[in-house]
Structures are given as structure tokens and as C-alpha cells.
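Undergrad: how would this look folded up:
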Amino acid sequence: MDLISYAELAVLLINGPDRLESPDGVAALLSAAGRPAEPCRATRADLEALRELRGELAEVFESAAAGDERAAVERLNALLVRHPVRPQISGHDGNPWHLHLTEAGRLADQYAVGAVMGLATLVTELGVHRLGLCQAAPCRRAYLDTSSNRSRRYCSDRCASRANVAAYRARRRNVAPVA
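TA: You can find the predicted model right below:
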């Protein structure tokens with residue numbers, strides 16, 4: 001089981017605040033995460049729990065981006081205590097037996113377990129510095145740096161291009177014309 005892919009759940013939750021306005025928004029979040037669910041499964045309690053989780057996960061990324069590894073790990077450990085992992089063997093869609101983190105509990109609990117365990121795995125296998133916030137002002141969206149050389153600084157190609165164009169234009173303005 002690739003638990004690091006579960007860390008993307010945290011990024012999707014942090015970067016999609018508008019999705020937590022209604023049960024349909026939660027369904028859109030789950031669909032984007034590759035975990036489609038019926039819209040009616042999400043309750044108001046799920047919405048509140050996911051909003052709270054979003055804030056807590058954002059604090060983990062903020063601590064990591066600030067270089068405060070200890071704070072990021074302490075926040076993750078607190079989340080692991082609040083959202084204990086209950087692995088379950090599953091076989092579906094013609095796939096061989098494999099582990100799922102949980103199939104029990106309310107929808108928000110299932111999402112939280114995946115996101116928190118995914119981040120914990122990424123941090124222990126690759127390091128806290130792999131959690132980042134986009135450096136393209138004013139973006140600040142969360143991202144996971146899974147590059148081989150730990151070079152990612154932007155949440156998307158769009159932000160990287162925008163930042164590079166802005167830097168190029170700033171350099172051009174500062175270069176005096178040759179006479």
C-alpha cells in the first residue's frame with residue numbers, strides 16, 4: 001500500500017476551502033481525491049469536522065514551511081492520536097487483497113485517517129521539508145515535494161510560470177540599457 005499517496009488528501013483538503021460549504025462540496029472533494037461517495041453521506045457534522053481538520057493540517061504545513069520540524073511533527077502526532085488508524089484488508093474491482101486504512105466511522109473520520117497517516121508516512125520516509133507552501137505570492141497553497149532533488153517550490157506549473165515571468169520582468173527592469 002502506498003501511504004504517501006494518502007498525503008494528497010491533506011493537500012486537497014487544505015487547497016479546497018470552497019468545497020466545505022455543503023454536502024455536495026464534500027462529494028466534489030472526495031471525487032477529486034479519487035474516493036467518490038454519495039453526496040447524501042456527508043452530514044453537517046462531517047462538514048464541521050473537515051473544516052477543523054483543514055485548519056489543523058494547514059498548521060502542519062505552515063510549521064514545515066517555516067522550518068519548524070518539531071512543531072510540524074508534534075501537530076501530526078496529536079492528529080494521529082485523535083484519528084487512530086484501523087487498517088482493514090480489502091479486495092475489490094478485481095484487485096488482489098490490499099490494505100485500506102479504515103472503512104468504519106463517519107465520512108470525515110475516514111478522510112482524516114487517510115490524510116493524517118499519509119502525511120505521517122511522508123514525513124517519516126522523506127522528511128518534514130517535503131511539506132511546503134507555494135512561494136508564488138500571494139498563492140500559499142499547500143503541496144507535497146516528492147521530487148528526487150527536493151526542489152519543488154510551487155504548488156503548480158501555473159504558479160511556477162507566473163513567478164518565473166515576474167522574476168524575469170523584474171530583472172529586465174533593473175538592467176540598464178547598453179549605449
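Undergrad: Neighbouring strands of the helix or strand of the chain with the lowest mean pLDDT in the sheet, and parallel or not?
TA: Within the chain, no helix or strand scores below strand 98-100, which has a mean of 80 by mean pLDDT, DSSP states H and E. For strand 98-100, the pairing partners within the sheet under DSSP bridges are strand 88-90 (antiparallel).
Undergrad: which stretches of the protein aren't confidently modelled?
TA: For the chain, applying pLDDT under 70 flags the ranges 1-2, 36-40, 102-103, 176-179.
Undergrad: in what helix or strand does Arg162 lie?
TA: Assigning secondary structure by DSSP states H and E places Arg162 in helix 157-174.
Undergrad: cool, Val11 as well?
TA: Going by DSSP H and E, Val11 is part of helix 7-15.
Undergrad: Could you list every helix and strand that the following helix or strand past that helix packs against?
TA: The element immediately downstream of helix 7-15 (helix or strand, assigned by DSSP H and E) is helix 23-32. Contacts defined by 3 or more C-beta pairs under 8 Å, 6 or more residues apart in numbering; DSSP states H and E place helix 23-32 against helix 7-15, helix 44-65, helix 107-126. Heads up, the C-betas are built off the backbone N, CA and C, glycines and all.
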